[in-house]
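Undergrad: Below are the sequence and a predicted model for it; my questions follow.
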Amino acid sequence: MKHTKKMGKLLTSVLLTSAFAVSALAGCGSKAAKTADAKIEDGAVATTTADTSIVANEVSLPLCEEKTTLSMYIPLDANMATVISDYNENKFFQELEKRTNVHIDFQCPAVGEEVTAYNLMIASNELPDIICHNGYHYSDGLDAAVEDGYYLDLTPYLDTLLSNYNKLRLKNDFFAKSTVTDEGRVVAIYQIFSDPQPPYKGLEIRKDWLDDLGLDVPVTFDDWEKMLQAFKDEKGAYAPLSIGALGYNMDSNSMSAGYNVLNGFMNVDGTVKFGPIEDGWRKYLTKMNDWYSKGLIDPDFMTGGGYTPDMSIITSGQCGAWDSMYTMPALYESSTDDKNMQIIPVASPVEKEGDEVHVRLADSIIHAYCTISADSENAELAMKWLDYMCSPEGSLLCNYGIEGETFEYNADGVPEYSDLVCKNPDGLSFAQAMTYYTLPPSLIGGDYDWKRELSSVPEEDVLSMEVWGAVPDDYNMPAGISYTSDEAKELGEIVNSVNTYLTEKTSQFITGVADINTEWDQYMSDIKAMNIDRAIEINQAALDRFNNR
């Protein structure tokens, strides 16, 4: 069955990697299942009800008497790529091997080729013991991956081999719902945040410029226009506002948030809507076109940074407002010759002061995940190995490394990185040192303590998350939404064509190449013709299933 379906799955997988890619948590596929021959005793069944009474099993180390090798498909972390070429050089994995007696044969695709390499691996029908997913997924969903004989159904082993992971995923109802498929299976081991991470990305402005100009922190769009005009006229800013290469702020949607619209599918009180065809999106594009015509937006925005602005326009004093991460102000301020630069986070502008906002970067709760090959001869050991990293002892090693070397406990009993990580004597940046001595984030499932990132962030920048998180994120689609095999294929085809069209029209409307007053109706008609209503219908069905789990 693997061989007869693989070409269709490869095509679908490519479609699903667009900017409107459907959720990583996937649904059910065909019923012609191939049952994996795993010689492991059965345990529990999955549940979508949080159960805090579950007791995790103690892990007995080493996991095997004789050193055993497991193979793993895993991308090379960007911070690590400049330091090492193989994760076996990573100090965390060296310590993990020492404790567990398990050696990992890392299969790392070339940077930028992760999706292609994954698709070729599926097509070859030669899977490693463990597959780490981050931006690429089995096209028809996790249920289909089990039924087609690729991934192992982990559900029977939740009370035995995966008891520590099961305790993590049942900490609350949302985790429980988000880590099962529509068919009620647990197929993946997700990276679960110890505590939800507030929005780490949003709007930032030059506070020193505001002070020089005698301006208050802007609240409304009118306030913002006054500020941006002053940045242009009084500060000589070539690009008073940076909006991102696509014409909107990726992930955070921070400039369109004041119109309560985002650039994809939205969950508005249980009803799915598509932001770019809502009236709020028209208002957003109209405002951006007006500001662009007045020289208040980076005239080169289409060739600038997409996720975050090009650093040079900030450090050179050409930009006064932008969308970026909470970790960046300190870097901007230390990288400029302007010693007066002071950057602060600000809330999204609104039409009228007091307006409610429902759009922001959603809290981070679950992350990348791992699956185990159905044909793995070491499936039991693979589960034990992954489950150890979900145990208290294993998660401490993952997040902070070794006590006395990479961390110490503070007076409150909280682990804190040592200077080996924060002020690395070999010249590694904090991010490089953290991923060299501990488990790099977004790679392997387990208990992830995002607060470890705060060791290098000034307290005033940490407050960014409070500013951006002051409004709800309830218009975002839930991270745990999933699709059937047929839905995934159909949705992928629709959003791929819609995304291409939107990228073109968004920039045209903002720059005035297309007149939004005369061409909006045609724009709406074109998107309707691409079956956007069917895409909304598919997402509505998936949302309803998620809510009813």
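TA: Now that the structure is in, tell me what you want to look at.

Undergrad: and the residue nearest to residue 258 when sequence neighbours are not counted, how many residues sit next to it?
TA: The spatially closest residue to residue 258, leaving aside those adjacent along the chain, is residue 350, at 4.3 Å (CB to CB, 6 or more residues apart in numbering). The way it works is simple: take the backbone N, C-alpha and C, and place the C-beta from them, glycine included. For residue 350, the count of nearby residues is 20 (other CB atoms under 10 Å).

Undergrad: again with residue 544
TA: 12.

Undergrad: Now name the helix or strand holding it.
TA: helix 532-547 (DSSP states H and E).

Undergrad: That helix - contacts with which helices or strands?
TA: strand 265-268, strand 271-274, helix 485-511 (3 or more CB pairs under 8 Å, 6 or more residues apart in numbering; DSSP states H and E).

Undergrad: mind listing what's buried in the first one?
TA: Okay, so that is strand 265-268. Neighbour-count burial for strand 265-268, counted by 16 or more other CB atoms under 10 Å, picks out 265-267.

Undergrad: Show me where the stretch 201-350 of the chain has its helices.
TA: For the stretch 201-350 of the chain, the helices defined by DSSP state H, counting those that start in this stretch cover 207-213, 221-235, 279-293, 311-315, 329-334.

Undergrad: Need the residues that contact the shortest one.
TA: Outside helix 311-315, the residues within contact range by CB atoms under 8 Å, 6 or more residues apart in numbering are 238-239, 242, 298, 304, 318-319, 322, 331-332, 335-338.

Undergrad: got it, and the last one?
TA: Residues from elsewhere that reach helix 329-334 (CB under 8 Å, 6+ apart): 204, 311, 314-315, 341-344, 457-458, 461, 464.

Undergrad: please redo it, this time with the cut-off set to 7 Å
TA: For helix 329-334, contacts defined as CB atoms under 7 Å, 6 or more residues apart in numbering pick out 204, 314-315, 341, 343, 457-458, 461.

Undergrad: The third one too?
TA: With contact meaning CB under 7 Å, 6+ apart, helix 279-293 is reached by 221, 225, 228, 241, 243, 247, 256, 259-261, 275, 297, 506, 509-512, 516, 520.

Undergrad: And for the first one?
TA: Residues outside helix 207-213 that contact it (CB under 7 Å, 6+ apart) are 217, 230-231, 234-235, 320, 340-344.

Undergrad: where's residue 374 relative to residue 485, distance?
TA: Distance of residue 374 to residue 485, computed by CB to CB, to the nearest Å: 17 Å.

Undergrad: Neighbour count: these two, which is higher?
TA: Taking other CB under 10 Å, residue 374 and residue 485 do not tie; residue 485 has more neighbours (25 against 21).

Undergrad: ok, the more buried one touching residue 144?
TA: Yes. Between residue 485 and residue 144 there is a contact under CB atoms under 7 Å: 4.7 Å.

Undergrad: ok, back up a step: drop anything exposed from the contacts of helix 279-293.
TA: 221, 225, 228, 241, 243, 247, 256, 259-261, 275, 297, 506, 509-511, 516, 520.

Undergrad: Now residue 487: closest residue in space, sequence neighbours ignored.
TA: residue 538 is the one closest to residue 487 (CB to CB, 6+ apart), at 4.9 Å.

Undergrad: residue contacts, the one you found?
TA: So residue 538 contacts 483, 487, 490-491 (CB under 7 Å, 6+ apart).

Undergrad: Need the max-distance pair from those residues.
TA: Maximum pairwise distance among the contacts of residue 538 (CB to CB): 9.0 Å, between 483 and 490.

Undergrad: ok, back up a step: make TSV from the helices of the stretch 201-350 of the chain and add mean pLDDT and distance to residue 369 to it.
TA: Converted to TSV, those look like this (pLDDT from 0 to 100; distance: least, CB to CB, whole Å):
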stretch	mean pLDDT	distance to residue 369
helix 207-213	98	40
helix 221-235	98	39
helix 279-293	98	32
helix 311-315	95	32
helix 329-334	92	30
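
Undergrad: Can you report how many residues lie near residue 460?
TA: By other CB under 10 Å, 13 other residues sit near residue 460.

Undergrad: for it, helix, strand, or coil?
TA: helix (DSSP: H, G, I helix; E, B strand; the rest coil).

Undergrad: Tell me which residues are up against stretch 401-411.
TA: 92, 95, 400, 415-418, 420-421, 437-438.

Undergrad: Would you show me how to pick out the buried ones of these in PyMOL?
TA: In PyMOL syntax, the buried subset of the contacts of stretch 401-411 is picked out as below (16+ other CB under 10 Å):
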select buried, resi 92+95+400+415+417+418+420+421+437+438
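
Undergrad: Next, give me the two most distant ones among the contacts of stretch 401-411.
TA: 95 and 416 (18.7 Å).

Undergrad: Any idea how far apart the tips of stretch 258-272 sit?
TA: Start-to-end span of stretch 258-272 (CA to CA, to the nearest Å) is 19 Å.

Undergrad: what's next to that stretch, contact-wise?
TA: 20, 221, 248, 253, 256, 273-276, 278, 280-281, 283-284, 348-351, 357-359, 475-477, 536, 539-540, 543.

Undergrad: what about 8 Å?
TA: 20, 221, 246, 248, 253, 256, 273-276, 278, 280-281, 283-284, 348-351, 355-359, 474-478, 502, 535-536, 539-540, 543, 547.

Undergrad: Quick one: mean pLDDT for it?
TA: Averaged across stretch 258-272, the pLDDT comes to 97.

Undergrad: thinking again about what came up before, wait, which of the buried residues of strand 265-268 is closest to residue 110?
TA: residue 265 (31.9 Å).

Undergrad: and the closest residue to that closest one other than its chain neighbours, what does it touch?
TA: Excluding the flanking residues, the one nearest residue 265 by CB to CB, 6+ apart is residue 539, at 5.0 Å. Taking CB under 8 Å, 6+ apart, we find residue 539 in contact with 265, 272, 477, 481, 491.

Undergrad: Now with 10 Å, please.
TA: By CB atoms under 10 Å, 6 or more residues apart in numbering, the contact list for residue 539 reads 22-23, 264-267, 272-274, 477, 481, 483, 487, 491, 495.

Undergrad: Please apply the same query to residue 522.
TA: Per CB under 10 Å, 6+ apart, neighbours of residue 522: 505, 514.

Undergrad: Any stretches of this structure with poor pLDDT?
TA: Low-confidence segments of the chain, defined by pLDDT under 70: 1-57.

Undergrad: need the contact list for residue 59.
TA: By CB under 10 Å, 6+ apart, residue 59 lies in contact with 99-100, 163-164, 384-385, 387-394.

Undergrad: redo that, cut-off 8 Å
TA: 164, 384, 387-388, 391, 393-394.

Undergrad: likewise residue 469?
TA: Per CB under 8 Å, 6+ apart, neighbours of residue 469: 198-199, 360, 363.

Undergrad: Show me the strands in the stretch 351-500 of the chain, by range?
TA: For the stretch 351-500 of the chain, the strands defined by DSSP state E, counting those that start in this stretch cover 364-372, 407-409, 415-417, 446-448.
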